[in-house]
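> just the structure for this:
(2 chains)
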Amino acid sequence: MAAEKSSIKIITLIAADGSVFEVEPNIVKEMKTVQSYIDELDQNTVSIPLPNVFGNDLAMIIEYCKKHASEEETKEAKEEFDFEFVKRMKSDDKLRLLQAASYLNMESFLQFMAKAIAAEIENQSVEFVRDYFQIESDFTPEEEAELRKENEWAFK
Amino acid sequence: MTTVTTYNHDENEEDRLSGLPEGILLHILSFLTAKKAVQTCILSKRWNNLWKHVPTLEIYYSHFTIFRSFTQFIYQILSLRDPSSALHTLNIKHINLYHLLDAKLLKTVLNYAVSYNVERLQMRFKSDIKYFPPCLFSSHTLKYLELYVSHSSHIIFPNSLNLPELTTLSLRHFYFGCDGGRVEPFSTFNKLKNLKIFLCSVVGGENLFISSATLANLIQIGYPYLGIKFELYTPSLCYFEFEGTPFQKLCGRNNNLSSVKHANINLEARPIHEDTPLALLNWMIELANIESLTVSLTALQALSLVPDFLKVKFRSLCKLKSLKVEADLLHPSIPHGVIKFLIQNSPSAKVEFISDID
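From the prediction side, this is the model:
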């Protein structure tokens, strides 16, 4: 555990917009980017700037980590939490949190977000998915028609 | 933090996710079904070939309009995937009354999966093959194997296999065969932790020997009346779940089930078979150390049919902390004395009634 490795008791995370979060070491265990930083230190407190994560997103990630790090919560309660957690998010939130998870190198949270995003686009049209990711097609209509024909086996 | 989205014609065209490495887009794609993943090829040039690198393939018959499209898709995706990209998971679901998956397709799929060192393989299908393509059973990477065949299939599960990394095995509607010796198909899996045997049979009605030094969780679900006879040689077993009709003792000679902590025993068959009450009582004696027990109401009724039941000397279940009875909560007609009997050596055990309708 992190607490055994270093003497740090409180970690201060500073988000891109300057908002400050004080958390215990077990909360950041899953954030490998943060973890690799504090493993090196021998002091009681540390401040870590996270210039790629906004305060609102960091608050959500910490909420998720607190729930999942808790040993008192049952597996069912954690699943219920996950369900509600995704439900209250818009597509934009999911994509931002996915990017944050990638930056913080949080493997299981990254999987969780990727799965939530996949669930949202699974039954949707190509147009919906383009819109979702704000992709502008760089195919001409002729090229797209050609591609659809070439990959007809995946559209039947 | 995100730079969106002015499309330009050089190589750095950016969409909302362009800041993310390809690996993370592949994470998203790996949670899509394979058909949807391939369809992302027309989103933009950046996405055009991404699907070829996805390490999971989930192919469901129900997503295709006709059977031929489904089989064609399988052949196409296997031949067009990037040959240097890993494949961790392959999941094919073919639930269909009319069409059989032919042996050639199965062989192609399994050869492909094994040659790509697949770790997780799930197949649900209907076929008239009798034996599985042997390539499957030479995988040195497979950790999770789930094979559900339709009830009309007669596929034999081989007796001695070499799957050294296998930790979870689930089988439905298989026949276990012997090569003259004991029917003991699981003893060669040195890392097996979880085993689910669902509506399987043994050729010739022989005993099935479930032998494994590592097995921790066993779920054995049989037909209400035609359950298979099995013997356990499982010194590490922790959880035992059973549905069906008990015929004989759980353990073979010189063995015990002292490691089992949790048991869930569900009898549904009525009328209760004449051998069931004593067989079940023996199970309660064998499962001596369990801490939690879940039983169906029918199991309690069967126990109460043991001759002179209330006079039986019972020294088992001393460590029981929780007894749950699955019953119709409106009419829980629990036979007199049977709960008291079960908790007589652990009077502080918590007794609960839970609904049998999920």
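> now A:P49: which helix or strand?
strand A:45-50 (DSSP states H and E).
> after that strand, heading C-terminal, what element do we hit next?
Using DSSP H and E, the helix or strand that follows strand A:45-50 in sequence is helix A:55-69.
> quickly check: that next one near chain B or not.
No: with C-beta under 8 Å from any C-beta of the partner chain as the criterion, chain B is not reached by helix A:55-69; the gap is at least 9.4 Å. In this view, the C-beta of every residue, glycine as well, is placed from N, C-alpha and C.
> after that helix, next one along is what?
helix A:75-87.
> report the mean confidence score over whatever helix or strand comes next after that next one.
Next in sequence after helix A:75-87, counting helices and strands by DSSP H and E, comes helix A:91-104. Averaging pLDDT along helix A:91-104 yields 91.
> which strands and helices lie in contact with the next helix or strand along the chain from helix A:91-104?
The helix or strand immediately downstream of helix A:91-104 is helix A:107-121, counting by DSSP H and E. Helices and strands touching helix A:107-121, by 3 or more C-beta pairs under 8 Å, 6 or more residues apart in numbering or on different chains; DSSP states H and E, are helix A:55-69, helix A:91-104, helix A:126-132, helix B:22-30.
> helices of the stretch 201-350 of chain B, start to end?
Using DSSP state H, counting those that start in this stretch, the helices assigned to the stretch 201-350 of chain B run over residues B:276-286, B:297-304, B:338-342.
> out of these, deepest packed?
Comparing the helices of the stretch 201-350 of chain B by mean neighbour count (mean count of other C-beta atoms under 10 Å in any protein chain shown), helix B:297-304 comes out on top with a mean of 22.
> what residues does chain A have near chain B?
Applying C-beta under 8 Å from any C-beta, we find that chain A lies next to chain B at A:16, A:52-54, A:95-96, A:98-99, A:102, A:110-111, A:114-115, A:117-119, A:121-122, A:126, A:129-130, A:133-139, A:144, A:147-148, A:151, A:153-156.
> for the strand holding A:P49, which positions count as buried?
A:V46, A:L50 (16 or more other C-beta atoms under 10 Å in any protein chain shown).
> please work out which residues outside it touch it.
Identification of contacts with strand A:45-50 by C-beta atoms under 8 Å, 6 or more residues apart in numbering or on different chains yields A:8-16, A:34, A:37-38, A:58, A:103-104.
> likewise for stretch B:62-79?
Here stretch B:62-79 has contacts from A:153-154, A:156, B:33-35, B:38, B:57, B:59, B:61, B:92-96, B:98-99, B:101, B:105, B:108-109, B:112, using C-beta under 8 Å, 6+ apart.
> what subset of the residues of chain A next to chain B is buried?
A:16, A:52-54, A:95-96, A:98-99, A:102, A:110, A:114-115, A:117-118, A:121, A:126, A:129-130, A:133-135, A:137-138, A:151, A:153-154.
> picking that back up, let me have the helices and strands packed on helix A:107-121 in a markdown table, extended by distance to B:S150.
Below are the helices and strands packed on helix A:107-121 laid out as a markdown table (distance: least, C-beta to C-beta, whole Å):
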| stretch | distance to B:S150 |
| --- | --- |
| helix A:55-69 | 39 |
| helix A:91-104 | 38 |
| helix A:126-132 | 34 |
| helix B:22-30 | 28 |
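> phi, psi for the closest residue to chain A within chain B please.
The minimum distance from chain B to chain A, using C-beta to the nearest C-beta, falls at B:F31 (3.4 Å). When read as degrees, to the nearest 10, the backbone of B:F31 gives phi -100, psi 0.
> local confidence estimate at it?
Among the per-residue scores, B:F31 holds a pLDDT of 96.
> was I right about it contacting A:E120?
No: the criterion here is C-beta atoms under 8 Å, and B:F31 misses it with A:E120 at 10.4 Å.
> out of the two, which sits in the more crowded spot?
B:F31 (20 against 17; other C-beta atoms under 10 Å in any protein chain shown).
> ok, and the closest non-adjacent residue to that one?
Nearest in space to B:F31, with sequence neighbours left out and distances taken as C-beta to C-beta, 6 or more residues apart in numbering or on different chains, is A:A118 at 3.4 Å.
> ok, now which ones touch B:I290?
B:V260, B:K261, B:H262, B:A263, B:L317, B:K319, B:L320.
> and B:A34, how far is that from B:T56?
Counting by C-beta to C-beta, to the nearest Å, the separation of B:A34 from B:T56 is 8 Å.
> got it, and B:L80?
For B:L80 relative to B:T56 (C-beta to C-beta), the value is 16 Å.
> over to B:I77?
Separation of B:I77 from B:T56 (C-beta to C-beta): 12 Å.
> gap between stretch B:213-230 and the chain center?
Computed by C-alpha atoms, centre = their mean, to the nearest Å, the chain-centroid distance of stretch B:213-230 equals 11 Å.
> tell me the average confidence for that stretch?
Mean predicted confidence for stretch B:213-230 is 87.
> buried set for that stretch?
B:L215, B:A216, B:N217, B:L218, B:I219, B:Q220, B:I221, B:G222, B:Y223, B:G227, B:I228, B:F230.
> remind me which residues of the chain are low pLDDT?
Just going to use chain A. A:1-6 (pLDDT under 70).
> not quite, I wanted chain B
In the predicted model, chain B carries pLDDT under 70 at residues B:1-20, B:225, B:331-332, B:356-358.
> partners of the strand holding A:P49, with directions?
Under the criterion DSSP bridges, strand A:45-50 sits next to strand A:10-15 (parallel) in its sheet.
> picking that back up, ok, of the contacts of strand A:45-50, which come out buried?
A:I8, A:I11, A:L13, A:I14, A:A15, A:A16, A:V34, A:I38, A:L58, A:Y103, A:L104.
> of those, which pair is most distant in space?
Using C-beta to C-beta, the buried ones among the contacts of strand A:45-50 span at most 22.5 Å, a distance reached by A:I8 and A:A16.
> which residues touch residue 148?
Went with chain A since none was named. So A:R148 contacts A:F155, B:I42 (C-beta under 8 Å, 6+ apart).
> my bad, the chain I had in mind was chain B
B:M123, B:R124, B:F125, B:S170, B:L171, B:R172, B:H173, B:F198.
> now it, what's its secondary structure?
Applying DSSP: H, G, I helix; E, B strand; the rest coil to B:Y148 yields a three-state assignment of strand.
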